[in-house]
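1. just the structure for this:
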Amino acid sequence: MKKNQWGKRTAPVLLGAIILAGSSSGMMHTDVVHAASAKSQSTYEQNMVPQVINRMSPSVVGIIGKSAEGSGEVDDRYNLAHGTGVIWKSDGWIVTNAHVVDGLTGITVVTSDGKSYKAKKVFSDPKSDIALVKINAKSLKPAQFAATAQHALVGETVVAIGTPISFSLRNSASVGVVSGLNRSVDGSYRLIQTDTAINPGNSGGPLVNLKGEVIGINSKKFAAVGIENMGFSIPAETVHYVVDHLMKYGEVRRAALGLELEESWSAIVGLPSDDPLTVTKVLSAQAQKAGIQEDDVLYAINGKRIYSVVDINERLKPFKPGQQVQLLMQRDGDIVNVKLTLSQDGYGAASSSVGEAEIDE
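-> Just a heads-up that it's a prediction; the model follows:
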C-alpha cells in the first residue's frame, strides 16, 4: 500500500495456590497441567516470532519512487510514494504489488542492510495486483514462499513485515492471526484476511507463518470509522501463478471463457448461494462457435460447481488460452454440456522499463 493510500500481560501467586490445592485433587492437578501446557504453547509462539522476523527481514525490501501525481509546485522532490517488496530470487527479482509500482518514476529498492538499487525492469499484472521489479544485484536472500496458503489455519499466528507510513520505518513488524481464508473482497482472486496491522506502505510485504514461510503478499485493508484490523493478503498460490507467468512470458497469459457473466444477488451480497451465473454477453469467437447464447446459465467448469466470477478465475488458473474445458449449462430449461476453447483474457499485464510502468492505482 502506498504511503498516500488506504488504508497496513500476573498470576504466579494464584498458580502457586492452585498447585498446593491440587496436591490432594486429581481434577485440580489436571487443570494445572492444562494451564501450564497453554502457557508453554503461548511462550513457544512468543519465542518463535522474533526468530521468524530475524530470519525473514533480510528478504524484505523497501520500494520508493516519485509519484506521477504531481503537487503542481515547481519543486516536487518530496512528492514520493513507497511500498514494500519481497526478494523472489537471489539475482535481483523482487515481488510486490502492482499498485505499489504504478506510475512511479525513478524507482529505488532499498535492502534491509541499507543498500540502494535502481530498478531496471517492471512487470505488472493489475488484475491480481502482483508485480515484479528487477534490480542488478547478486547474492540476495530470497524468501521462502509456501506452495499454497490453503494449509493455513484460521487463528494461527502470522507476522507482517513492511514499510508503514514513513520510509524511515522500513522492516517494521506486526503480529496477528489469520482471520479468514478464501475471502472474495474487491478482487479477482480469493484473499487471506488477517487482523495483523497493515498500514499505508505495507503493501507488497510478506505475511509470514511461524515456519518462516510467506503465505501471502499484503495488498489492502478496509479503512473507515468503525472498522478495525481488516487486512487482506494475496495467497501464495496466486503469487506463484502470476510470477511464473511474468518470469516466463513478461505477462500473464490468462485464460478466459470469453463470456460476460452476471452473478446472482445472493453471491454479490455474500449470502450462501447455490445460484449459477447468467450469460449477459458472448464476447469471444470461440464462445460463439461453441453455441453459447445470452441468458444461458452456467453451473460448472469441468465438473466443479462455480458460484461467482472469482470462482471462475480460480478454476481457470491451471489453463492457458487455446485449451478446452467442459461447461455444464442450462438453456431454455434444458441441461447441456458445452465444450469450449478458452480465449485470451483481455486484461493483459503491463510491462515496462523503469519509470514507465502503466499500472492502475
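2. the protein: helices as residue ranges?
-> Assigned by DSSP state H, the helices in the chain fall at 12-22, 26-56, 98-101, 236-249, 265-269, 285-289, 309-315.
3. return the member of those having the minimum mean pLDDT.
-> Here the helices of the chain differ in mean pLDDT, and the lowest is helix 12-22 at a mean of 32.
4. can you show me the strands along the stretch 101-250 of the chain?
-> Here the stretch 101-250 of the chain has its strands, by DSSP state E, counting those that start in this stretch, at 105-110, 116-125, 130-135, 157-162, 172-183, 191-194, 206-209, 214-221, 231-235.
5. and those strands: which comes nearest residue 53?
-> Proximity to residue 53, assessed across those by CB to CB, is greatest for strand 172-183 (4.8 Å). Where you see a C-beta, it was placed from the backbone N, CA and C, and this is true even at glycine.
6. pairing partners for the closest one, with directions?
-> The pairing partners recorded for strand 172-183 under DSSP bridges are strand 157-162 (antiparallel), strand 191-194 (antiparallel).
7. and the angle for it with strand 214-221?
-> Relative orientation of strand 172-183 versus strand 214-221 (axes from the mean of the first three to the mean of the last three CA atoms, to 10 degrees): 90 degrees.
8. so what's residue 317 up against?
-> Contacts for residue 317 were tallied using CB atoms under 8 Å, 6 or more residues apart in numbering; they are 237-238, 241.
9. residue 215 contacts residue 191, doesn't it?
-> No: Residue 215 is not in contact with residue 191 according to CB atoms under 8 Å; the separation is 11.6 Å.
10. list the buried residues of stretch 339-347.
-> Across stretch 339-347, burial judged by 16 or more other CB atoms under 10 Å covers 340-345.
11. inside strands: which ones of those?
-> Residues of those located in strands (DSSP state E): 340-341, 343-344.
12. what count of nearby residues applies to residue 93?
-> By the criterion of other CB atoms under 10 Å, residue 93 has 22 neighbours.
13. pretty sure it contacts residue 247?
-> Yes: counting by CB under 8 Å, residue 247 is a contact partner of residue 93 at 7.4 Å.
14. between those two, what contacts are shared?
-> Common contacts of residue 93 and residue 247, defined by CB under 8 Å, 6+ apart, comprise residue 132.
15. which intervals of the chain have sub-threshold pLDDT?
-> Counting by pLDDT under 70, the chain has low-confidence residues at 1-46, 69-76, 224, 271, 347-361.
16. cool, thanks, talk later.
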